[in-house]
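>>> A predicted structure for the sequence below; I have some questions about it.
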Amino acid sequence: MAYWLVAILDDFLIGSLLLTAICTTGLPALKINLDLYKLFVPWDAPVRQEFERSTVFNEMPLGILQNTNRLKRQVDILKDPIRIDVIRFYAIHEDNLNLLESRTLRRIYRYTTEIMNTTVEFNDKIYRFEDFCQKDSGEEKCSNELNVWLKHAEILFRDGKANSNPNLQLSYPVMYLFNRPKNIGQVIYGVNVTGRKREISSAKVVTVHWYINFKSSPEKERAYVAFRKELDNFWLSKKNESKLKFIPHK
């Protein structure tokens with residue numbers, strides 16, 4: 001009898017320890033919370049929209065929204081001359097319409113990824129974006145992080161109601177997405193600001209840009225000029241389908 005009682009106590013102790021270990025992982029609570037969320041949160045509830053948008057936003061890269069007029073680089077000009085520049089285009093609608101609309105922002109961002117596949121032939125050599133752009137350390141491809149803010153802003157205007165959400169605000173000159181501020185003072189112009197929070201309701205000009213950093217030579221500089229012209233041709237090819245004009249910064 002005593003042996004049987006000890007065996008039961010051992011089993012009870014082991015079971016208790018296993019149950020405690022499982023509970024400390026949070027898996028049961030997570031499962032319950034997810035089930036309650038699916039069962040009791042209406043499809044059109046603001047909390048559901050905010051949760052789903054925050055999930056999408058957290059999967060995005062943060063991007064870079066610093067001033068792009070000048071890049072600080074330690075360069076030995078005498079030994080290794082470097083060309084440092086910023087390619088910038090100003091997007092406007094041919095009918096001067098508002099650009100802060102979900103579909104338009106999504107389209108502009110798609111164009112910024114497509115244009116990075118541009119090539120140009122100069123003196124029997126093919127030049128690509130990677131031959132001129134500034135690349136992150138250890139990377140062989142150009143980064144589009146300067147324009148990721150377009151994806152962030154697209155979330156704001158997805159249904160036209162996001163401006164009433166305290167976690168999704170496009171105030172000027174700082175955009176707040178789930179408590180993450182982004183300075184947008186140098187990427188949108190011609191803005192209309194409303195309310196005490198200075199929220200942007202519309203903008204007539206949106207900028208897209210990339211850092212340029214390459215080893216300079218007479219041949220490479222001439223190829224760069226030809227490449228810039230090819231970028232202009234890319235934007236012209238998109239004008240009919242989008243009614244957007246992309247004006248290069250001189």
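Structure's in. What do you need? The structure presented is a predicted model; accordingly, all values stated were derived computationally and were not measured. Numbering: from 1, shown residues only.

>>> residue boundaries of the strands in this protein?
82-93, 119-122, 125-128, 168-170, 174-177, 180-183, 188-194, 199-215, 244-248 (DSSP state E).

>>> can you say which of those is packed in most?
Across these, averaging neighbours per residue (mean count of other C-beta atoms under 10 Å) puts strand 168-170 on top, at a mean of 23. Quick note: C-beta positions are derived from backbone N, CA and C, even for glycine.

>>> before we move on, the earlier item: dump the strands of the chain to JSON lines, plus distance to residue 104 and mean pLDDT.
Listed next are those as JSON lines, based on distance: least, C-beta to C-beta, whole Å; pLDDT from 0 to 100:
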{"stretch": "strand 82-93", "distance to residue 104": "8", "mean pLDDT": "93"}
{"stretch": "strand 119-122", "distance to residue 104": "27", "mean pLDDT": "96"}
{"stretch": "strand 125-128", "distance to residue 104": "28", "mean pLDDT": "96"}
{"stretch": "strand 168-170", "distance to residue 104": "14", "mean pLDDT": "72"}
{"stretch": "strand 174-177", "distance to residue 104": "16", "mean pLDDT": "75"}
{"stretch": "strand 180-183", "distance to residue 104": "19", "mean pLDDT": "76"}
{"stretch": "strand 188-194", "distance to residue 104": "12", "mean pLDDT": "85"}
{"stretch": "strand 199-215", "distance to residue 104": "8", "mean pLDDT": "91"}
{"stretch": "strand 244-248", "distance to residue 104": "8", "mean pLDDT": "95"}
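
>>> for the ones you listed, which one sits closest to residue 112?
strand 199-215 (5.1 Å; C-beta to C-beta).

>>> how is the chain partitioned into domains?
Per the record, the chain has its domains at 1-30, 83-248, by the TED database.

>>> any chance of the strands of the chain in CSV, plus distance to residue 158?
CSV is the format used below for the strands of the chain (distance: least, C-beta to C-beta, whole Å):
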stretch, distance to residue 158
strand 82-93, 19
strand 119-122, 34
strand 125-128, 34
strand 168-170, 9
strand 174-177, 12
strand 180-183, 17
strand 188-194, 18
strand 199-215, 15
strand 244-248, 20
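
>>> from residue 85, how far off is residue 176?
From residue 176 across to residue 85, the span is 31 Å (C-beta to C-beta, to the nearest Å).

>>> err, residue 220, not the other one
Residue 220 sits 12 Å away from residue 85, going by C-beta to C-beta.

>>> with residue 130 instead?
Note on residue 130: its distance to residue 85, by C-beta to C-beta, is 15 Å.

>>> is the closest residue to residue 223 other than its chain neighbours in a bridge, and if so with what?
Nearest residue to residue 223 in three dimensions, chain neighbours excluded: residue 122, at 4.3 Å (C-beta to C-beta, 6 or more residues apart in numbering). Beta-bridge pairing for residue 122 (DSSP bridges): residue 125.

>>> ok, now which ones touch residue 122?
The contact partners of residue 122, by C-beta atoms under 8 Å, 6 or more residues apart in numbering, come to 222, 223, 226, 227.

>>> any idea which helix or strand of this protein has the worst average confidence?
One helix or strand of the chain scores below all others by mean pLDDT, DSSP states H and E: helix 27-40, with a mean of 48.

>>> which helices and strands sit right next to the longest helix seen in the chain?
When the chain is parsed with DSSP state H, its longest helix is helix 218-242. Using 3 or more C-beta pairs under 8 Å, 6 or more residues apart in numbering; DSSP states H and E, the elements in contact with helix 218-242 are strand 82-93, helix 102-114, strand 119-122, strand 125-128, strand 199-215, strand 244-248.

>>> tabulate those (CSV), appending distance to residue 148.
Output for the helices and strands packed on helix 218-242, formatted as CSV (distance: least, C-beta to C-beta, whole Å):
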stretch, distance to residue 148
strand 82-93, 16
helix 102-114, 8
strand 119-122, 24
strand 125-128, 21
strand 199-215, 11
strand 244-248, 18
